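1. The following block contains a protein sequence and its predicted model.
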Amino acid sequence: GMDIEASIPLQSDSNENASNEVDDTLGNTNDYKRGVVWALFVGLSGGSILAPLHYVPPSQQGLVFLPSFGIGAMLTAPLAYCLHAFFSSEKPNFHVKEASGTGLLSGLLWNIGNLLSIIGIAAIGYGVAYPIFQCAILVSGVWGIYVFHEIRETGTIVVFWVGGVILVAGGALLAMSQ
């Protein structure tokens, strides 16, 4: 079988200086701070990803929107790489042979999510559907805790599950509010 953990570079191989090394608290590292900033941008852009769908004529909404969405994603990938290269001293190596299988699988899963998002938004509206979609954070957390072992402290895992219950309850209440 394939070792999922080994196929995903979770940390940089570079040790430029001691201040970039990950420590137990994570709160004092430049990498951690940079990661938080990038995660905030992901939240801002990810929360708005399908908002443009509401600014096209009804005849161009729904699944007909998916091909142009895919083209936009494809054209944006080189721009994202260039921005990363400009703002980072790291220049990623392209391991096409080793990464293409997992990369294609990730792209397939991501696009299935996009397809289902468009269908969900058409059925119940953006304001209800998109907050419910954010329950994906629970799935990501489960991967991080139980597959990649990124969080090991029992107290932190309990807090995660309490938050997960609140998240799912909020999604359910939002769905019932319609």
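-> Happy to help now that I have it.

2. So, low pLDDT: which residues of the chain?
-> 1-28 (pLDDT under 70).

3. Tell me where it has helices.
-> With helices called from DSSP state H, the chain shows them at 4-7, 30-46, 66-87, 96-124, 126-133, 136-142, 154-176.

4. Tell me which residue is most central in the protein.
-> residue 42 (7.2 Å; CA atoms, centre = their mean).

5. picking that back up, redo the helices of the chain as CSV? Include distance to residue 58.
-> In this view, the C-beta of every residue, glycine as well, is placed from N, C-alpha and C. Putting the helices of the chain into CSV (distance: least, CB to CB, whole Å) gives the following:
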stretch, distance to residue 58
helix 4-7, 42
helix 30-46, 25
helix 66-87, 15
helix 96-124, 10
helix 126-133, 14
helix 136-142, 27
helix 154-176, 24
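
6. Of those helices, which stretch is the most buried?
-> Mean neighbours per residue, mean count of other CB atoms under 10 Å, is largest over the helices of the chain for helix 126-133, with a mean of 17.

7. so who does the residue in the chain sticking out farthest from the centre touch?
-> Distance from the C-alpha centroid of the chain, by CA atoms, centre = their mean, peaks at residue 59 (29.4 Å). Going by CB atoms under 8 Å, 6 or more residues apart in numbering, residue 59 touches no other residue.

8. What's the separation between it and residue 65?
-> 11 Å (CB to CB, to the nearest Å).
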